[in-house]
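1. My questions concern the predicted model and sequence given below.
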Amino acid sequence: MRFLFLLFIVVPIIEITVLIQVGQWIGALLTIALVVLTAFIGINMIRAQGLATLNRANWRIQSGQLPAQEMVEGIFLAIGGALLLTPGFITDAFGFMCLFPLTRGMMATALKKHLVVLATSVQGSGQFTGFGTQGSDDQNGSVIEGEYDDHTERNDPSKNDRLS
């Protein structure tokens, strides 16, 4: 409840105060231009960073790995985009933190420590069908559970005599 109070009441009040102060210092038109400029730069950064993250996720999936880091980074990209489209300088600062690869990676790694990723594979093809979070008994949060079926032995004719 406190988080929602901060999010919807306190943050806008702080943003309005900062916008008024900046407007008095550099003028209203320049303040509006800065807000629009940060939104424009943010949109272009989201596009570039989003494509880079998607390419890394595709590479991991093709390698048979779970792209957990990329999935969490994608969440931070969405949050950063929303913050950059919100008028204000404080939200822009946090939005840019979500977009820069170094800070986004650190935040994603910190968040991943509190998540357990569940994944299942579709007939050994490396395509993951499940992703979720669940409480963990592991204090480090480094447990990753998954299921995998390897059907290569069943389809290999040279190994049929071992299966019968």
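-> Right, received. Where do you want to start?
2. okay but Arg56 is in contact with Pro67, surely?
-> Yes. Arg56 is in contact with Pro67 according to CB atoms under 8 Å; the separation is 7.1 Å. The C-beta positions use only the backbone N, C-alpha and C, and glycine is treated the same way.
3. More neighbours: these two, which one.
-> Neighbours around Arg56 and Pro67, counted as other CB atoms under 10 Å, are more numerous at Pro67. The numbers are 22 against 14.
4. Pull out the buried residues from stretch 88-97.
-> By neighbour count on 16 or more other CB atoms under 10 Å, the buried set for stretch 88-97 is 88-92, 94-97.
5. In this protein, where is pLDDT below threshold?
-> The chain contains residues with pLDDT under 70 at 115-164.
6. This structure - how does it break down into domains?
-> 9-112, 114-155 (automatic domain parsing).
7. right, so of those domains, which gets closest to Phe3?
-> With distances scored as CB to CB, the stretch of the domains of the chain nearest to Phe3 is domain 9-112 (10.4 Å).
8. Was I right to think Gly74 contacts Thr53?
-> Yes. The pair Gly74 and Thr53 qualifies as a contact (CB under 8 Å) at a distance of 5.8 Å.
9. Compare the two and say which is more crowded by neighbours.
-> Thr53 (22 against 18).
10. Show me where this protein has its helices.
-> Using DSSP state H, the helices of the chain run over 2-5, 11-26, 28-62, 68-85, 89-99, 101-112, 152-155, 160-163.
11. Leu7: how many residues sit nearby?
-> Leu7, neighbours per other CB under 10 Å, totals 10.
12. ah, wrong one, I meant Trp25
-> Trp25: 9 neighbours (other CB under 10 Å).
13. List the residues that contact it.
-> If you count contacts by CB atoms under 8 Å, 6 or more residues apart in numbering, Trp25 has none.
14. With Leu84 as the reference, measure out to it.
-> Distance of Trp25 to Leu84, given as CB to CB, to the nearest Å: 22 Å.
15. Check Gly105 too.
-> From Gly105 to Leu84 the distance is 18 Å (CB to CB).
16. Which one's more surrounded, these two?
-> Taking other CB under 10 Å, Gly105 and Leu84 do not tie; Leu84 has more neighbours (26 against 14).
17. what about the nearest residue to that one once chain neighbours are set aside, distance to Ala57?
-> Nearest-residue entry for Leu84: Gly42, 3.1 Å, with adjacent residues in sequence omitted and distances by CB to CB, 6 or more residues apart in numbering. According to CB to CB, Gly42 stands 21 Å off from Ala57.
18. What is the burial count for Thr86?
-> Thr86 has 17 nearby residues by other CB under 10 Å.
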